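>>> quick one, fold the following:
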Amino acid sequence: NYQQSFVGRAAVAAVPVDHLKITASLLYQDVYNHDRNQYWSTLSNLSDGDFKQGSRVSQPTRDTFYLPAIKLQYDWDSMSLISNTSYFYHRNYADLDYTNYFAGIFDGEPLQYLPGDAPSQAFISNRQNNFTQEVRLQSSQPGFIDWSVGAFYSDATQNDQDLTTDGQAVYTSVSGDQLSFTQYSRAHDKQIAGFANADVNVTQALKVIAGVRVSSQKFYYDQTGTYSGFPLTPVSGKQSATPFTPTIGVSYQLDADNFLYATASKGYRQGGVNANVPAALCGTDLAALGLSTTPVAYSPDSLWSYEIGAKDSLFGGRVALDSSFYVLKWKNIQQSVRLASCGFNYVAN
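Predicted coordinates:
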């Protein structure tokens, strides 16, 4: 189960004219895992350092991404204009051994492997292409108010493919098709947002912080597939929202050794659309939850975070103490619900 990782980063900066700086960068990563790092306790002897797994074939994965970016910054005497642009190109591939899974699901015996059987495998791929752009104008000299204002845009797509082969003869004869499960999913997320933040230096010791972000989000999802040669019910859905997420805080420097602060801020996570699951395989699990199929969509969740704290230097600087008390109020929590028998899952609030 060895792993090989390669990471590289390059950046170059140029100042073509006074006050303008251009920085281009590229981050690259490639991670290859030859097999999963799991062992089966029933097949292993831990006291002898003998670790075994019940899989019939290795389960390699490869994860590769490129992240080019460019930053433009123009500085005036009292403020700066900054633009950040990036593109995320990501590919992930995984081979999974489902031989034990099928034997456990259909026969209750994960290690059953009859003569003439071939391993049952899933070949999964994931492709992501994300473009992001942020522009902000901000103060650059300390003053009564330190401020920033800006806009953000992103366009992200993700394409998933799951092809499951069935090499175990007893199950292949039932499905009549070696490709027992296929699933093709496409998700498209677009966001545009505006934000502003201000730090008001009321006195040298007292500071008030206020900020707000308003976003427009749109999410689209489509999925098709087959199970045992029969088409699964196509899934198609969309979600849109306009979240408003403010923040406010206050801090006070009592003296050189003692600092107090309090903050309140809102967080938000957009909703989404669930993939379909084979009703023939997961019907019992769904019925136990009072469902006939997985919910088509799940809603956004949001939270408010409240925190008060202090940073203190004690005993002439020999002890530094950071203390805080916080409360989180989280609504409509998005939770992954795993279907116990068939192994699929969906997201619900």
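
>>> list the helices and strands the strand or helix carrying Gln191 packs on?
Following DSSP states H and E, the helix or strand that holds Gln191 is strand 179-201. Judged by 3 or more CB pairs under 8 Å, 6 or more residues apart in numbering; DSSP states H and E, the packing partners of strand 179-201 are strand 145-165, strand 206-227. Bear in mind the C-beta positions are built from the backbone N, C-alpha and C, glycine included.

>>> columns distance to Asn345 on top of those, output as a markdown table?
Shown next, in a markdown table, are the helices and strands packed on strand 179-201 (distance: least, CB to CB, whole Å):
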| stretch | distance to Asn345 |
| --- | --- |
| strand 145-165 | 13 |
| strand 206-227 | 14 |
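
>>> parallel or antiparallel, list what pairs with the strand holding Gln191.
Paired neighbours of strand 179-201 in the sheet (DSSP bridges): strand 145-165 (antiparallel), strand 206-227 (antiparallel).

>>> what would the ones you listed look like in TSV with distance to Leu96, mean neighbour count and mean pLDDT?
Putting the strands paired with strand 179-201 into TSV (distance: least, CB to CB, whole Å; neighbours: other CB atoms under 10 Å; pLDDT from 0 to 100) gives the following:
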stretch	distance to Leu96	mean neighbour count	mean pLDDT
strand 145-165	9	16	96
strand 206-227	16	17	94
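
>>> select, out of these, the one closest to Ser341.
strand 206-227 (15.4 Å; CB to CB).

>>> check contacts around Ala348.
Contact analysis of Ala348 by CB atoms under 8 Å, 6 or more residues apart in numbering lists Pro295, Tyr298, Gln334, Gln335, Val337.

>>> what sits against the fourth one?
With contact taken as CB under 8 Å, 6+ apart, Gln335 is in contact with Val347, Ala348, Asn349.

>>> quick check, pLDDT for the residue lying closest to the last one once chain neighbours are set aside.
Closest residue to Asn349 in three dimensions, ignoring its sequence neighbours and counting by CB to CB, 6 or more residues apart in numbering: Asn332, at 4.3 Å. The predicted local distance difference test score for Asn332 is 95.

>>> so what's Asn332 up against?
Asn332 sits next to Ser299, Pro300, Asp301, Ser302, Asn349 when contact means CB under 8 Å, 6+ apart.

>>> would you map the strands across the stretch 1-150 of the chain?
With strands called from DSSP state E, counting those that start in this stretch, the stretch 1-150 of the chain shows them at 3-17, 20-33, 61-75, 79-97, 121-139, 145-165.

>>> out of those, nearest to Thr224?
Among the strands of the stretch 1-150 of the chain, strand 145-165 comes nearest to Thr224, with 10.8 Å by CB to CB.

>>> who does the residue nearest in space to the middle of the chain form a beta bridge with?
By CA atoms, centre = their mean, the mean C-alpha position of the chain lies nearest to Arg269, the distance being 11.1 Å. Arg269 has these beta-bridge partners by DSSP bridges: Asp301.
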